[in-house]
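In: Following is a predicted model, sequence given first.
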Amino acid sequence: METGQKKRKSQLAPRREPVQARARERTRQILDTTGRLLEEVGLDDLTTILIAKEIGVSVGSLYHYFPNKHAILYAMGEQWLSSMTAALEELAEADLENMTLEAFIAELLERLLGVYREQRGLLPLVQAMWGIPELHELDARHDELVIRHLTKMFRRLKFLCPPNEMNRLARVTLETFHAVFLVIVNQQGTRALRSRVDLQQMLLTLLVRNRNEEKPSGLDDVEAP
């Protein structure tokens, strides 16, 4: 890792690892409060002063746990990625070899949408991961995590397309559900259900069309894995 990257990483590291129960509870409270404030005031107006005030502690006490606002956002992003990992690993334990593609897509969306819904302040957090240089690594890790798991699952689902095409399909699948999920998490009732059904149909059409294409046209132009 280059010197500049190491420096940025150290600036985002928690001040202390929450070993004791009280410290773990305080860390959880900071992350939960930050998520709620992201929903209420947005990323630009979020400050450590506001977070500390909402928790009822001094800014100095807050800095005992996180050195700055970006460090708190980074911890939230890592928490979200951990939940994504758990959901994908749980799905990987299913009998994918005997699962229909339609059933697989339904399971994938069910598990991952739950993770998206559980993460408070998700939209501004995602915007921060994409727009703040210190958090770009989280955005890259998110994509790599999902694409790696999807390509492995596609193989178990007996996709016949070559590895670079499998990678492309995984990325398109990710970008599609990610974009629509960010809409669905702000919807309720019938509207949310209809959006989810539309998403499921889009992915089914995409994957059915490409899963057995062993020699796709224009293959040389397809992104390598």
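Out: Received, thanks. What you see is a predicted model, and the numbers here were worked out from it, not measured in a lab.

In: is it true that L204 touches F104?
Out: No. Counting by CB atoms under 8 Å, L204 does not reach F104; the two are 9.6 Å apart. Heads up, the C-betas are built off the backbone N, CA and C, glycines and all.

In: Give me the more crowded residue out of those two.
Out: Shown here are L204 and F104; by other CB atoms under 10 Å, F104 has more neighbours (20 against 16).

In: Report the separation between that one and P162.
Out: The gap separating F104 from P162 is 20 Å, by CB to CB, to the nearest Å.

In: Output the lowest mean pLDDT helix or strand found in this protein.
Out: For the chain, scoring each helix and strand by mean pLDDT, DSSP states H and E identifies helix 3-12 as the least confident one, at a mean of 53.

In: Pull out the buried positions in the top helix by length along the chain.
Out: Ordering each helix of the chain by length in residues (DSSP state H) puts helix 69-92 first. Across helix 69-92, burial judged by 16 or more other CB atoms under 10 Å covers 69-77, 79-81, 83-84, 87-88, 91.

In: For this structure, give me the ranges with low pLDDT.
Out: By pLDDT under 70, the low-scoring segments of the chain are 1-19, 214-225.

In: That one: helices as residue ranges?
Out: Counting by DSSP H, the chain has helices at residues 3-12, 21-41, 48-55, 59-63, 69-92, 101-118, 122-131, 136-156, 163-184, 189-210.

In: angle of the fifth one against helix 136-156?
Out: Using axes from the mean of the first three to the mean of the last three CA atoms, to 10 degrees, the direction of helix 69-92 lies 10 degrees away from that of helix 136-156.
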